[in-house]
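K.L.:
No letters, just coordinates:
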Ligand code: SAM
Ligand code: SF4
């Protein structure tokens, strides 16, 4: 696979590392410095429990320094489960004859979005299977994105649409950009060439190099917020992690910019997939925690996303350790948010199984109880603070006070419009606690926004 030097990565697996070396690397990472591939490999090789604890503590420190207590909330919106590819781990694979196929019309997409707005969601990740014609794909996506932005519930509108769809040409990416997407996300699934070819048997996705080109094409089209990742369970997770970091090094070298976010989903049960039922490289919760911590330390300014594939219990741990964005009350089925949607439909039409079934209100409650601030903010995207500009403001910490204000404003809006009384109380207590930590200028701005919210004004940000 291009850009990925497998020989070098293999030479970095299972290194013998001293405690002194680990202490040195952790010290460097706590200065918020980007780690080298070798240093990340050394952290990944830590097995000793006491030393692992040090790695976790450093990760918690870095997470707090850069992201504070904010956790960005989003929800996936599946628009079609038709797919022309044959990924052996996925319920949407073309050869899976069990799955009942559904492709939402723009009107149906709008209706699904209205349901999500009614529950308090503001940031959507649009997801789709891949049709045979890439032109047909892009036309369909653009119509769906328009429908999402068009939806409204009592003055609430979607603030940002991120998308997770197959690769396309530079010209097609330009069209997507015009439609107002936030992040373009695509996962390499596995960076190990032979494994990639084994799992992606037919269809446009079967070429690993053209899958890798997706991010280059997006950058070349001017999309500067991209999300990458791999699917845990297909191959050795330490190889995959180092290979993804190598991919990031390549992007940084060529474009002067890495990904905005990283996702490391674990393979879950999927209808019709015998592989997903018994993956050859399962990743334990402990290894998953280590992986998240090492990513947090290796690329401190890159957001880490975690979906509802993971259990509520593990998610509650990882939001403190390194994760910066989470989804809530997700359905991985087109049309899955309809009130009449049944478990029976879900089994026949979903992509894979989910382990955290909590509602948005329940997830918000859990975050607030841990002293974390659920944020529905999309101000950077709307103010063009993306790509290099975002990094330029983030690295010296310039943006942090804006993020704090925006997060608290979106939290207050959520509490006023969507929260049950118990959560409202928890939220307001936390807001008071946080306000005390802000400087006087920020408090003044916040008070003005809060007053406006009380008089019915919504969606203000800095
Ligand atoms: N079809 C597009 C693609 O493959 O890029 C878009 C999104 S696909 C619906 C989203 C992601 O779901 C895939 O990239 C893959 O990593 C993940 N996925 C597929 N099957 C899965 C499974 N059984 N368990 C967990 N995640 C899975
Ligand atoms: Fe299609 Fe994506 Fe599933 Fe592969 S992972 S079968 S491309 S929906």
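P.N.:
Nice, thanks for sending it over. On a predicted model such as this, the values are computed, not experimentally measured, just so you know. Ligands and ions are numbered 1, 2, ... in the order given.
K.L.:
what's around residue 197, how many residues?
P.N.:
Counted with other Cβ atoms under 10 Å, residues neighbouring residue 197 total 14. Using the backbone N, CA and C atoms, a C-beta is placed for each residue, glycine as well.
K.L.:
Assign it to helix, strand or coil.
P.N.:
At residue 197 the chain is in helix, as set by DSSP: H, G, I helix; E, B strand; the rest coil.
K.L.:
What are the neighbouring residues in contact with it?
P.N.:
206, 208 (Cβ atoms under 8 Å, 6 or more residues apart in numbering).
K.L.:
measure it to ligand 2 for me?
P.N.:
Relative to ligand 2, residue 197 is positioned 14 Å away (Cβ to the nearest ligand atom, to the nearest Å).
K.L.:
Per-residue pLDDT of the residue in the stretch 101-250 of the chain that ligand 2 sits nearest to, please?
P.N.:
The stretch 101-250 of the chain approaches ligand 2 most closely through residue 129 (4.0 Å), counting by Cβ to the nearest ligand atom. We have a pLDDT of 96 for residue 129.
K.L.:
For burial, what's the neighbour tally of it?
P.N.:
Neighbours of residue 129 (other Cβ under 10 Å): 26.
K.L.:
Who are the packing partners of the helix or strand encompassing residue 448?
P.N.:
Assessed by DSSP states H and E, residue 448 sits inside helix 440-454. The helices and strands touching helix 440-454, judged by 3 or more Cβ pairs under 8 Å, 6 or more residues apart in numbering; DSSP states H and E, are helix 400-418.
K.L.:
Just list what the helix it packs on packs against, helices and strands only.
P.N.:
Using 3+ Cβ pairs under 8 Å, 6+ apart, helix 400-418 sits against strand 70-80, helix 360-369, strand 373-375, helix 421-435, helix 440-454.
K.L.:
what's next to the third one, contact-wise?
P.N.:
If I follow you right, that is strand 373-375. So strand 373-375 is contacted by 68-73, 363-364, 367-368, 403, 406-408, 410-411, 414, 430, 434 (Cβ under 8 Å, 6+ apart).
K.L.:
ok, 6 Å please
P.N.:
Here strand 373-375 makes contact (Cβ atoms under 6 Å, 6 or more residues apart in numbering) with 69, 70, 71, 72, 73, 364, 367, 407, 410, 411.
K.L.:
Redo those as a markdown table? Include pLDDT.
P.N.:
What follows is these, written out as a markdown table (pLDDT from 0 to 100):
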| residue | pLDDT |
| --- | --- |
| 69 | 93 |
| 70 | 94 |
| 71 | 96 |
| 72 | 96 |
| 73 | 97 |
| 364 | 97 |
| 367 | 98 |
| 407 | 94 |
| 410 | 96 |
| 411 | 97 |
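K.L.:
okay if I get those residues as a markdown table plus distance to ligand 2 and neighbour count?
P.N.:
As requested, the contacts of strand 373-375 are exported to a markdown table (distance: Cβ to the nearest ligand atom, whole Å; neighbours: other Cβ atoms under 10 Å):
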| residue | distance to ligand 2 | neighbour count |
| --- | --- | --- |
| 69 | 34 | 21 |
| 70 | 30 | 23 |
| 71 | 26 | 23 |
| 72 | 24 | 23 |
| 73 | 24 | 24 |
| 364 | 29 | 28 |
| 367 | 29 | 26 |
| 407 | 32 | 24 |
| 410 | 31 | 28 |
| 411 | 34 | 26 |
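K.L.:
and of these, the nearest to residue 178?
P.N.:
Closest approach between those and residue 178, by Cβ to Cβ: residue 72, at 24.4 Å.
K.L.:
what about the closest residue to that closest one other than its chain neighbours, how many residues close to it?
P.N.:
Excluding the flanking residues, the one nearest residue 72 by Cβ to Cβ, 6 or more residues apart in numbering is residue 325, at 4.3 Å. Counted with other Cβ under 10 Å, residues neighbouring residue 325 total 24.
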